[in-house]
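**Q** What shape does this take:
(2 chains, ligands or ions: 1)
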Amino acid sequence: MKKNEGHEQTGIKPLIPDRKVGIIGYGAYVPRYRLPGTEVARIWTDGTSGSPVKEKAVAGLDEDVATMSIEAARNALARAGIAANELRAVWVGSESHPYAVKPTGTIVAEAIGAVPSIQAADFQFACKAGTEAIVAAIALVGSNMADYAMGIGMDIAQGRPGDSLEYTASSGGAAYILGPAEKSLAEIEAVYSYVTDTPDFWRRQEQKYPEHGQRFTGEPAYFKHITEAGKALMDALKMKPEDFAYGVFHQPNTKFPQRAGSLLGFKPEQTAVGLLSPVIGNTYAGASIIGLTAILDQAKPGERILLVSYGSGAGSDAFVIKVTEAITERQKLATLTADYIQRRTEIDYATYARYRGKLAMK
Amino acid sequence: MEIPRHWRLKQQRYALVGEVCPHCDAKIFPPRDVCPECGGEAREAYNFSGKGEVYSFTRMGEGPAGFEEQAPYTVALVKLAEGPVVTAQLTDLGDTKVEIGMPVEMVTRRIRQDGDERGMIVYGYKFRPVMQG
Ligand SMILES: [Zn+2]
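**A** Down below sits the predicted model:
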């Protein structure tokens, strides 16, 4: 049998719909509370360990993936300037849907007023569930079956108390409305996904916390998939890192996306704006796409962005996005991502434990 | 079990959907199909902006059944920009000191769960301090 090492990378065919598609509106959400890494270290290592992020965003007692998605979706609608009932799909990607059975998408769609003539479903693919939902939305619009479709990536990530993931597992995400490119604030020029079966991280049915395969998390998983997807798409479009004003990558911590960027040939100044994990942590399905909201908040017409997500299990979706003239007037139509980050109330470990259901009440 | 009631009220609870009176243009919340201002029939749906201000408030040290886990919390009478006054919980206060006249905005949040952790989750409106931007 022929060895399938690295898979065939020359001549890959990116996803490019017949009808050009773009981002019509986008919206972020970051909850108010912040848990500093020093607080996690104080509890579990007597303050001796460093944290992979400065602090992480923590959702309040009355928040979940549905409520956070609703706010991001309302922000996206405000920027899109369309009526909610013009949407033909509301797809939510997450690994922390509030129900095991009962879609988050229906709750979000009802709350924003998009029901009943829509597709609604929940996507699951670890941290790339959000970009997978966006790819599906691109396909729905690109095939001309719909004019507008919404894809959301949102998580309330749970790390086992004391586990290394507890420093970073955070809450937040973003919503995107895809529509015809001529009405967009940024055109999606092409998409390419790179997927394999890689056991780096998982959570079994009915388990509260995830497990990770230590030696699998870095090179063969995160870096391999992100660089393969990003390189293949740039090659297929005959583009180079210098053609991009910005790069944004899945951000489970501070160092991984910095290194992924450098492996793809991006300079730190290209990736700085979209790198939010140091101040909000790893929002899982929201991580790369909330980074993109921060970029879009300040992007200028004509600028190109490379986004590459990563989801354990494993896969990456790469997007080449080109900002249009419409961006300037729509940036201010909803709360900026920087304003969400600035709205900040620091909490201690005990409050965090209460807010995130880590105290047994019975 | 109150599932039918939750289901019937979902639009007004999720998104502050009320009514507008076709005779005198009064905005009505909660919807009651009859205008409280002129007594005329009013069935047209109206989406409230969600903006308002604190009219009065009280701190709840202990919550009633279904709300215990959220205590302590603040309940306010919120005067909506369009006129009606609604009772709702304030959320995302952080270190914010609540004051009468404080501008607030509607958010959709978990209100409680029906029964225990096996029951349906009830979502609805709350208000938080207005965000910048
Ligand atoms: Zn009237």
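
**Q** pLDDT weak spots in chain B?
**A** B:1-2, B:6-7, B:132-133 (pLDDT under 70).

**Q** Would you mind giving the domain segments of it?
**A** B:1-48, B:49-133 (automatic domain parsing).

**Q** between those domains, which gets nearest to residue A:75?
**A** Closest approach to residue A:75 among the domains of chain B (CB to CB): domain B:49-133, 10.2 Å. In short, each C-beta sits where N, CA and C put it, glycine included.

**Q** what about the closest one and chain A, touching?
**A** Yes: Domain B:49-133 is in contact with chain A by CB under 8 Å from any CB of the partner chain, via B:69-70, B:89, B:91-92, B:94-95, B:107-111, B:121, B:123, B:126, B:131-133.

**Q** how far is that domain from where the chain is centred?
**A** Relative to its chain's centre, domain B:49-133 lies at 7 Å (CA atoms, centre = their mean, to the nearest Å).

**Q** Check stretch A:303-312 too.
**A** On CA atoms, centre = their mean, the centre of stretch A:303-312 falls 9 Å from that of its chain.

**Q** all helices for the stretch 51-200 of chain A, in order.
**A** A:65-80, A:104-112, A:129-142 (DSSP state H, counting those that start in this stretch).

**Q** For the ion, what is the nearest residue in chain A?
**A** Nearest to the ion in chain A, going by CB to the ion, is residue A:113, at a distance of 24.0 Å.

**Q** residues in contact with that residue?
**A** A:83, A:84, A:85, B:15, B:17, B:47 (CB atoms under 8 Å, 6 or more residues apart in numbering or on different chains).

**Q** For residue A:15, grab the count of nearby residues.
**A** Residue A:15 has 17 neighbouring residues, counting by other CB atoms under 10 Å in any protein chain shown.

**Q** In contact with it, which residues?
**A** By CB under 8 Å, 6+ apart, the neighbours of residue A:15 are A:135, A:138, A:139, A:190, A:191, A:192, A:193.

**Q** mind running it again at 7 Å?
**A** A:190, A:191, A:192 (CB atoms under 7 Å, 6 or more residues apart in numbering or on different chains).

**Q** among the residues you listed, who's most crowded?
**A** Neighbour max across the contacts of residue A:15 (other CB under 10 Å) = residue A:192, 26 neighbours.

**Q** Any figure for the gap between that residue and residue A:287?
**A** 19 Å (CB to CB, to the nearest Å).

**Q** how would you label residue A:25: helix, strand or coil?
**A** The three-state label given to residue A:25 by DSSP: H, G, I helix; E, B strand; the rest coil is strand.

**Q** Could you tell me which residues of chain B lie near the ion?
**A** When proximity is defined by CB under 5 Å from the ion, chain B lies next to the ion at B:21, B:23, B:24, B:26, B:35, B:37, B:38, B:40.

**Q** Which single one of the contacts of residue A:15 is nearest to residue A:123?
**A** residue A:191 (15.1 Å).

**Q** What does the pLDDT read for that closest one?
**A** For residue A:191, the model assigns a pLDDT of 98.

**Q** quick one, what contacts it?
**A** A:14, A:15, A:135, A:138, A:317, A:318, A:319.

**Q** How about residue A:281?
**A** A:53, A:56, A:57, A:168, A:169, A:170.

**Q** ok, now with 8 Å
**A** By CB under 8 Å, 6+ apart, the neighbours of residue A:281 are A:53, A:55, A:56, A:57, A:157, A:167, A:168, A:169, A:170.

**Q** Now, these that are in strands?
**A** Applying DSSP state E to the contacts of residue A:281, the entries found in strands are A:55, A:56, A:57.

**Q** now those in a markdown table, with distance to the ion?
**A** What follows is the ones in strands among the contacts of residue A:281, written out as a markdown table (distance: CB to the ion, whole Å):
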| residue | distance to the ion |
| --- | --- |
| A:55 | 51 |
| A:56 | 50 |
| A:57 | 45 |
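
**Q** Identify, from the residues you listed, the entry nearest to residue B:116.
**A** Closest to residue B:116, out of all of those and judged by CB to CB, is residue A:57, at 28.4 Å.

**Q** burial count for the closest one?
**A** Neighbour tally, residue A:57, other CB under 10 Å: 27.

**Q** same check, this time on residue A:235
**A** Neighbours of residue A:235 (other CB under 10 Å): 16.

**Q** likewise residue A:360?
**A** Residue A:360: 5 neighbours (other CB under 10 Å).

**Q** Most proximal residue of the stretch 251-362 of chain A with respect to chain B?
**A** residue A:345 (3.4 Å; CB to the nearest CB).

**Q** Can you give me the neighbour number for the residue nearest to that residue when sequence neighbours are not counted?
**A** Leaving aside its sequence neighbours, residue A:345 sits nearest to residue B:94 (CB to CB, 6 or more residues apart in numbering or on different chains; 3.4 Å). By other CB under 10 Å, 15 other residues sit near residue B:94.

**Q** now residue A:82
**A** 17.

**Q** still on that earlier bit, how about the contacts of residue A:281, which pair is most distant?
**A** A:55 and A:157 (14.3 Å).

**Q** Report the contact partners of residue 66.
**A** Defaulting to chain A. Counting by CB under 8 Å, 6+ apart, residue A:66 has contacts A:97, A:98, A:104, A:107, A:108, A:111, B:121, B:123.

**Q** wrong one, chain B
**A** Residue B:66 sits in contact with B:112, B:113, B:114, where contact means CB under 8 Å, 6+ apart.

**Q** Tell me, domain by domain, which residues of chain A belong where.
**A** A:21-185+A:332-355, A:190-329.

**Q** Could you tell me the end-to-end distance of the first one?
**A** Meaning domain A:21-185+A:332-355. Criterion CA to CA, to the nearest Å; first-to-last residue distance in domain A:21-185+A:332-355 is 40 Å.

**Q** Same question for stretch B:30-42.
**A** Stretch B:30-42: ends 12 Å apart by CA to CA.
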